[in-house]
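1. coords please:
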Amino acid sequence: MKTDTYLKKLYANRFDSRQMQAKVALWKVLIDDFLQNYVPSDSAILDIGGGYCEFINQIRAEKKCLIDLNPDSKLFANPDVEVLNIDVLNFGDKPAFSAEFDRIFISNFFEHLRNKEELIQIISFCFEALKPGGSLLVVQPNFKYSFKEYYDFIDHQLPITHLSLQELLQTVGFEIDLIIPRFLPFSTKGRPTSPWLLKLYLKLPFLWLFLGGQMFVKAAKKNNRGRAS
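-> Purely as a prediction, here's the structure:
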């Protein structure tokens, strides 16, 4: 089975239409109450592995681009989103998006990679694609706090903790601005399950220490003067 066909069937089976609508509502709260604080409205942003466009459709930015192998991404993207069905792991010698984006956002993607070498390749791609002063934003299952559920999904392969990701980011050249080891619950099928519960959850960080299975990381590509936005 071809990769794009497999992905299309996998995610169509994982989330029914009701769950898809619920995810969009949860993403709106997450963006409005947290993520938008790290994305200037006049920025150019790239979403890698953004699937059904829950993030990229709702984030406020001047230029929006999404990369995903799932061909259905184009069906869900708003008109102001450029969708590229390409594989960032197979660019070969072709030039990447050199110094084009102010922000790159990646959510629930690294765990699907086959090995550490692919993770290094993706992080290096992000570093090259960011403008000096730009930032990489990551929401990612933290194996340290979600090891019991981590492999409940058939496409989860690579275990990553906030410490291992931090080490790789710094090795590639990023400077860490913020790491929250325990942030969101492990999956949208867990708690909180409604927009108002998520809104409350985001306002009570002490709950993250008990329910958080995913991390949040903001890493900066410093400009020549050593400052990032």
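2. any chance you could map the helices in the protein?
-> 3-14, 17-33, 73-76, 116-129, 143-146, 162-172, 195-203, 208-211 (DSSP state H).
3. contacting residues around the third one?
-> Translated: helix 73-76. 50-53, 57, 66, 83, 85 (C-beta atoms under 8 Å, 6 or more residues apart in numbering). Just so you know, the C-beta spots here come from the backbone N, C-alpha and C atoms, and that holds for glycine as well.
4. again with the fifth one
-> The contact list for helix 143-146 (C-beta under 8 Å, 6+ apart) reads 150, 159-163, 181-182, 186, 212-214.
5. hmm, try it at 10 Å
-> With contact meaning C-beta atoms under 10 Å, 6 or more residues apart in numbering, helix 143-146 is reached by 111, 150-152, 156, 158-164, 181-183, 185-187, 190, 209, 211-215.
6. Narrow those residues to those in strands?
-> 214-215 (DSSP state E).
7. Just the buried residues of the contacts of helix 143-146.
-> Buried by 16 or more other C-beta atoms under 10 Å: 111, 150, 156, 158-162, 164, 181-183, 185-186, 211-215, out of the contacts of helix 143-146.
8. follow-up on the earlier one: for the helices of the chain, could you give me a markdown table that also reports mean pLDDT and distance to residue 61?
-> Compiled in a markdown table, the helices of the chain are given as follows (pLDDT from 0 to 100; distance: least, C-beta to C-beta, whole Å):
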| stretch | mean pLDDT | distance to residue 61 |
| --- | --- | --- |
| helix 3-14 | 56 | 24 |
| helix 17-33 | 84 | 11 |
| helix 73-76 | 90 | 17 |
| helix 116-129 | 94 | 15 |
| helix 143-146 | 91 | 29 |
| helix 162-172 | 97 | 22 |
| helix 195-203 | 94 | 21 |
| helix 208-211 | 95 | 26 |
